[in-house]
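Trainee: no FASTA, just this:
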């Protein structure tokens, strides 16, 4: 499950627990009801201001909508220069 899908499941659950429709949530969060539907289908991820609006409208902490979404830093390979001994270089 990707980030958008996990967020969607969290949003649907929180909205249903609040006992409100997508349209009501949209009104409370100052968002269009179609945007709520898009987020609940996992077709899009919310911007940070949208996340704050949704959490406020649902009266839940932002963390509730982010449950199960974590960031794990990846690894990188750092490049670098290497000195080549000119005397052993193929001619």
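Mentor: Arrived safely. Remember, it's a predicted structure, so these values are computed and weren't measured experimentally. Numbering: from 1, shown residues only.
Trainee: from the chain's centre, how far out does the helix or strand where residue 23 lies sit?
Mentor: Here residue 23 is covered by helix 22-29, with elements defined by DSSP states H and E. Centroid separation for helix 22-29 versus its chain: 20 Å, with C-alpha atoms, centre = their mean, to the nearest Å.
Trainee: surely residue 14 meets residue 60?
Mentor: Yes. Using C-beta atoms under 8 Å, residue 14 is in contact with residue 60, at 5.5 Å. Heads up, the C-betas are built off the backbone N, CA and C, glycines and all.
Trainee: these two: which is more packed in?
Mentor: Between residue 14 and residue 60, residue 14 has the larger neighbour count (other C-beta atoms under 10 Å), namely 20 against 17.
Trainee: ok, back up a step: elements contacting the helix holding residue 23?
Mentor: For helix 22-29, the packing partners by 3 or more C-beta pairs under 8 Å, 6 or more residues apart in numbering; DSSP states H and E come out as helix 3-18, helix 33-40, helix 48-58.
Trainee: mind listing what's buried along the shortest one?
Mentor: Okay, so that is helix 33-40. If you call a residue buried by 16 or more other C-beta atoms under 10 Å, then helix 33-40 has these buried ones: 35, 36, 38, 39, 40.
Trainee: now the angle between helix 22-29 and that helix, please.
Mentor: 100 degrees (axes from the mean of the first three to the mean of the last three C-alpha atoms, to 10 degrees).
Trainee: run the chain-centre distance for helix 33-40.
Mentor: The mean C-alpha position of helix 33-40 is separated from the chain mean by 15 Å, C-alpha atoms, centre = their mean.
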